[in-house]
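> Based on what follows, work out the 3D shape:
(chains A and B)
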Amino acid sequence: MSTIELKQSAVVRRSKPSFSARMKQFFQEVWNYRLSYLFLAPFVITFFIFIMLPVLAAMGLSFFYYNGMQTPHWIGWANYQYLFSQDTLFLQHALPNTIKFAVIVGPGGYIASFILAWLIAQLPDRIRLWFVLAFYAPSLATGIAMSIIWIPLLSGDRIGYLNSFLLTLGIIDEPQLWVLDKDYLMTSMIVVTLWSSMGVGFLAMLAGVLNVDKTLHEAGRIDGIGSRLQEVWYITIPAMKPQMLFAAVMAIVSAFKTGHIGVELSQSNPTPQYAGNLLVNHVEDYGLIRFELGYASAVSVVLLIIIFIANRLSWKLFGTKGDE
Amino acid sequence: MKKWSSKFILLMLGTLLLCSSILPATVQAEVMYPTFTRDSFGSIIFTQPPYTPTVTLGNELYVVDEETGEQVPSPFQNPKDVFIDSKDHIYVVDTGNNRIVHFDENFEFIRFITVDDSPMNAPEGIYVNDEGHIYVADTGNKRVIHLDPEGRLVKEIHEPASRYIPADFKYDPIKLVADNRGYLYVVTLGGYQGLLQLDPDGNFQSFYGANLTEFSVLDAIKRFLYTEEMYANEISKLPGSVSNVAIDSNGFIYTATAGDISENQIKRLDIQGKNLLKTSDELTGSGSTLTFGEYLRPNYVSGRLVQPQLIDLAVDRNGNITAIDRSYNFINQYDMYGNLLFFWGGQSSPSSSQLGLIKNPVAVDVNSRDELFILDDQEGILQVFELSEFGSLVFTATQLTNHGYYLESEQYWQRVLDLNAQYAPAMMGLAKAAYKNEDYVKARDLYRNAGDQVGFSDAFWQIRLVWFQERFSFFATLFLVLGFGYLFFGRLLKRLSFMKRLKEKYASSQSKFMEQIRHVFYMLKHPIDGFTALRYEDKGSYISATVILVIAYISLVFQQMYTSFAFNKVLRSQVDAGSILVQFAVIWFSWVICNYLISSIYRGEGRFRDVFIGSAYALIPYILISIPLAIVSNALSLSEQTIYQYILYGLYIWVGAMFFWKVQSLQNYGVGETVINIFLSLFAMLVLGVLAFIIFGLSNELRMFIYEVYQEVSMR
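As a prediction, the model looks like this:
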């Protein structure tokens, strides 16, 4: 038994070429396909310079103390230690706020965009375009909409639209500070973000719904599908899994990445009592206001890890497996 | 009937004080009434009396009879108000005798105040300012009179003329206070507009501190549906009218409100007339409203709850509020933030009169020695209470805590807790002291006993932080190792796949029971097919259903016991597994029976067996999630509440959906039919409950009847 194993391993070892030989072979292959690599080069180079390098630099900087002026000096895990064990701003506000925001806005926006995409897909072709435009526009024009719709709507005085409306109905008896009160700010942020969340993910879903083969529906009906709900569950969703995955990733990334909404709504930075302070605000606070760039890098690395884990989760849920 | 002389009582109290200084906290004066408070979880508990009665005033008053020249007794007649000025002098409005009776700080009679050149007519309220100027609400003459310290008339204030006063406003002043500027705040009889604010010359300034009309859902529906004419025929809804007013040493004005209102019976008003007495967030001041007025068990008159009617209140120098309630006859004490300290009194027998028992309290005030004065208009006496040892401990400690001296308050609270182990404010005080002292473990346990989830969560947050700080390097390394391990060895692990082997072994077992258990996991992924399989492929049995039910019950108890206190306001020792079992069994079995009966008359195809097994299998998500969730909740504080609630609501929705699919697939319904079936089943459960209640009640009556007949026969 053992002799056989030994022989086998010896065979394996013999069949492997030496490292230098392998490298040589690799470069030989690269040279053979040099034209393809030339075509790839512009993308690879820009990707490396503008995306890979900053990410790697952030990861590296997160172990340094760096204030933008002096030479960074190595402090090891100290940034992370401070972040997770002493930074009460992060632990009490930024992290719980981000979790709350992402957990509601991510899946909420995702489900809403699926439902809307499905509903719009049921419309006749001619008016569908206009509906798509109407739902897609908010995600394009958030900045303008913010100043002309949401700020007057949520204004804290008696003549703010929402206050005025609720006062007329007699539901409240004094104006509420919708964006300045720490109890309401987060809710306002969530509502506004949900409103503007019909972005690329929504378009992808719409394309997915429209792409589903009509014959599948007919086949399903013959096989005994009774209701629209079953049709969605058994045909539409399985058929558009790639688009669902894409939309999920977009939804999660954008939910974690959003940061300015609280500042824009309350028009104060930091937001009142840090009620709307998200991770991105925290990064900006340390990076662009306090110039503790090393620490800000550590926070952004944590954000990156959170997004990565959330993405893995959505792959697990929506990714197509080998047998499907 | 014993008539205790005041000297005897003083002697007794003297002995008591002596005793208590030698043997602290063992002797309590016996008083004639029980005192209550609420424990941390809202249930009523007995407590030591905070006050002991000392003397009564007003039954030894004499006037000189003008004809005979003799001293004749002249007790209070229907007195309405008592006021104690800054020098602790006592003024009693003796309404029936149209006079004010003035006592000094040692309860010695000084004088009667009668305004001879313009006699009072049934005065009901009085206020005396720091200079000794007296303001009287002369209700019968519809005026307020201002007297100088000697009792000479300075000014009469009649109904002010202003176009802002509505035409139907009735100027019947009953109570009043004045602030430092000399502005008067007058309570008028039934004045729902609030207090009448008058400037020192008696000109109308504004209405101040009006109450809000309580507006229910039913009212909203009426307003939405009714035509204008129908709405006009409704009884007009008015806000509760202010019944009394008080002012504290800082110049805050307090109002008590009577009427059919359920909250904000006591308000502390700021300069704008906005209520400050709310459970408030320390920084923003936003918060929910408070309810005042306690009772042991609610009274109902023609199906409506009798609300406590607070008719007077007094605020002591530390801001503690004492309010008297005419409908339940309780004297309620609250601290400056409106937390209940004590309540005592209650209905007393009308025939007996004893020191300390109050038949019909009408007015209350407190002096600078923390003695409490309660005016009883039925007996016509003013009763004086002084703080007991327990009471003074509580008051000292409350004052320290409310001013932020947590550490200094600790020893007092500790002594209070030694006297009454369940006294919630003491536990809160000690918890705050421990938190301030950074003894977070102790603070967490105390907050738990005090029933404060927010405090508990904050203390836990600190504990968790310290725990994490101590082990940071370990976690950092662990994270790195796991991260790299996942990246490099993830594939290797997959190939190792002892899991797969385990699965195969598990799948190969041929026992029927194992097959049924395996079906449980199949059902999580394919609920509709799974339920159909239960029906047609014999995948479930009564035994497996019973096993699932037992596990569901265990997880229910587990969840009640081991969910973090931050999310589940129950003490572990209070969890009653028996009552959970009864509730669970009653609800589940009545669902099974009702659902089966409804389905069988509503074109359903399921047998009883299917409904039974299906309803058990629908609880599977609950079993799988609730126990891990309960364990995880112990690592969460309220700042991560979102995660907990997200999972919990998800769980409820999942279980609900399982029940829905159960009905749909077992009975072979469409979606609409399923919805109707579920609603009908729930309705049938309601009917079953009512029926059980009636049968139980009637059979109990029958049993009593037979028993009485038996007794009647056996006695004769």
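> B:N437 reaches B:L407, doesn't it?
Yes - judged on CB atoms under 8 Å, B:N437 makes contact with B:L407 at a distance of 6.4 Å. Any C-beta I mention is one placed from the backbone N, CA and C, and that applies to glycine too.
> any idea how far B:L417 is from B:P425?
According to CB to CB, to the nearest Å, B:P425 stands 10 Å off from B:L417.
> if you count what's nearby, which of those two comes out ahead?
Neighbours per residue, other CB atoms under 10 Å in any protein chain shown: of B:P425 and B:L417, the larger number sits with B:P425, 23 against 20.
> list the contacts for that one?
B:P425 makes contact with B:D335, B:N339, B:L341, B:V394, B:A397, B:T398, B:T401, B:W413, B:V416, according to CB atoms under 8 Å, 6 or more residues apart in numbering or on different chains.
> Could I get the phi/psi values of the third one?
Summarising the backbone geometry of B:L341 under the convention degrees, to the nearest 10, its torsions are phi -100, psi -60.
> residue contacts, B:T255?
Contacts were defined as CB under 8 Å, 6+ apart; by that measure B:T255 touches B:V187, B:L195, B:G209, B:V242, B:N244, B:V245, B:I266, B:K267, B:L269.
> Mind jotting down where the strands sit in the stretch 351-500 of chain B?
B:361-366, B:372-376, B:381-387 (DSSP state E, counting those that start in this stretch).
> let me fix that: chain A
All strands of chain A, identified by DSSP state E, fall at A:64-65, A:73-74.
> which of the ones you listed is buried the deepest?
Per residue and on average, the most neighbours among the strands of chain A fall to strand A:64-65, with a mean of 18 (mean count of other CB atoms under 10 Å in any protein chain shown).
> which residues are contacting that one?
For strand A:64-65, the surrounding residues in contact (CB under 8 Å, 6+ apart) are A:P72, A:H73, A:W74, A:I75, A:A78, A:N79, A:E292, A:G294, A:Y295.
> can you do 7 Å?
Defining contact as CB atoms under 7 Å, 6 or more residues apart in numbering or on different chains, one finds that strand A:64-65 is touched by A:P72, A:H73, A:W74, A:I75, A:G294.
> From B:I321, how far off is the last one?
Spelled out, it's A:G294. If you measure A:G294 against B:I321 using CB to CB, the figure is 55 Å.
> now the fourth one
A:I75 sits 56 Å away from B:I321, taking CB to CB as the criterion.
> And for B:F456?
27 Å.
> Equivalent analysis for B:I134, please.
24 Å.
> got the residues of the stretch 151-300 of chain A near chain B?
For the stretch 151-300 of chain A, the residues in contact with chain B (CB under 7 Å from any CB of the partner chain) are A:D173, A:D181, A:K182, A:D183, A:G226, A:S227, A:L229, A:Q273.
> how about a cut-off of 8 Å?
Proximity of the stretch 151-300 of chain A to chain B (CB under 8 Å from any CB of the partner chain) is limited to residues A:G170, A:D173, A:D181, A:K182, A:D183, A:G226, A:S227, A:L229, A:Q273.
> quick one, helices of the stretch 101-250 of chain A?
A:125-140, A:142-145, A:151-153, A:161-169, A:182-195, A:200-211, A:214-222, A:228-231, A:237-239, A:241-257 (DSSP state H, counting those that start in this stretch).
> what packs against the first one?
I take that to be helix A:125-140. Counting contacts by 3 or more CB pairs under 8 Å, 6 or more residues apart in numbering or on different chains; DSSP states H and E, helix A:125-140 packs against helix A:95-121, helix A:200-211.
> Give me the helices and strands touching the longest one, please.
Contacts defined by 3+ CB pairs under 8 Å, 6+ apart place helix A:95-121 against helix A:125-140, helix A:182-195, helix A:200-211, helix A:241-257, helix A:293-318, helix B:641-667.
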